[in-house]
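Chemist: fold the following and give me the result.
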Amino acid sequence: MRGEVVCHFSGRKPITIALGDVETRSLENPSTEQQVYGPKVGFIEDVHKNMAIMRKYFPDPRLKIKKYQVGSVTHTQIGVVYLEEYVDPSVLRKLQDRLKKVTTDQIISSKVLSQYLVDFSKSPFPLGVESDQQKTPVSLSRMNLRMKSYYEKTKPVTFHLDVKGDAEVIDVATIEELTDIKFIEKLERKMEQEIKKEMEQTIAKMKRINVEPWLLGHKIWATDPKFYETLNWRETGWVESKFNINVSFNISNTGQRGKYDKEKIGR
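Modeler: As a prediction, this is how the structure comes out:
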């Protein structure tokens, strides 16, 4: 399957020699993370060439690379790279244990693999935002969401959900994004879209099993029992209900105080 040649020797175990010539991308400048100084070489889809790049720039025996193969169909090759004297042993063991527990037929990208390694793989929040047809990794912290709900007496009943959220940017691929107001605004809109999409998907799943979230039916019953009785809530009322979701998200801090809040410091 990989173009390897098997050599048999009398009285000895056969050995394999890799002679396959697989088409891969040539090494080139990273398209998503430009830099002024240093080597302009980025990783490609060939794990062996990527490991060779690491060995070239870190010719140190303490640099360790452990190889894994995941995906029962794709047999994707993965390398865990770390410096022996600097790695946290507990973190390394945790990573290795999770890699061994990956049970899927295909791993075609690092994004798919990351879902098996993180603690909250079903987080509704995006890990990246598209910028000029590229994806810029962004890390957010102190994320807070608040929701207010009210209903409209229609048949079927209509719920209005107003969600407000905020967070702080703690890491981004390049410093230029932190000082780009348009990028921050685009990130806020992206968050609003993702949160709304996740809420719509959650509501659809809850309707399929006829289980209501957020005590919505209880709220109608507590405020207007007569209207609640007309809805036939447990049988069809909840399943037929409609939703209007409005999400507003704000990046409260980027660490670039001087860019957004220009205040005189000192005399």
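
Chemist: which residue ranges of the chain form strands?
Modeler: Here the chain has its strands, by DSSP state E, at 4-7, 15-18, 63-70, 76-83, 128-131, 134-152, 158-172, 242-253.

Chemist: M199: which of these is closest?
Modeler: Ranking the strands of the chain by proximity to M199 (C-beta to C-beta) places strand 242-253 first, at 5.7 Å. Quick note: C-beta positions are derived from backbone N, CA and C, even for glycine.

Chemist: for that closest one, buried residues please.
Modeler: Within strand 242-253, the residues scored as buried using 16 or more other C-beta atoms under 10 Å are 243, 245, 247, 249, 251, 253.

Chemist: neighbouring strands - and their directions - for that strand?
Modeler: Sheet pairing here is set by DSSP bridges, and for strand 242-253 it gives strand 158-172 (parallel).

Chemist: and the strand it pairs with, which residues are buried?
Modeler: In strand 158-172, counting by 16+ other C-beta under 10 Å, buried: 159, 161, 163, 165-167, 169, 172.

Chemist: partner residues bridging the residue lying closest to I203 once chain neighbours are set aside?
Modeler: Using C-beta to C-beta, 6 or more residues apart in numbering and skipping residues adjacent in sequence, the residue nearest I203 is F243, 6.0 Å away. Using DSSP bridges, the bridge partners assigned to F243 are F159.

Chemist: can you pull the contacts of F243?
Modeler: Residues in contact with F243, defined by C-beta atoms under 8 Å, 6 or more residues apart in numbering, are 158-161, 200, 203.

Chemist: again, only using 10 Å
Modeler: For F243, the contact set (C-beta atoms under 10 Å, 6 or more residues apart in numbering) comprises 149, 157-161, 199-200, 203-204, 207, 216.
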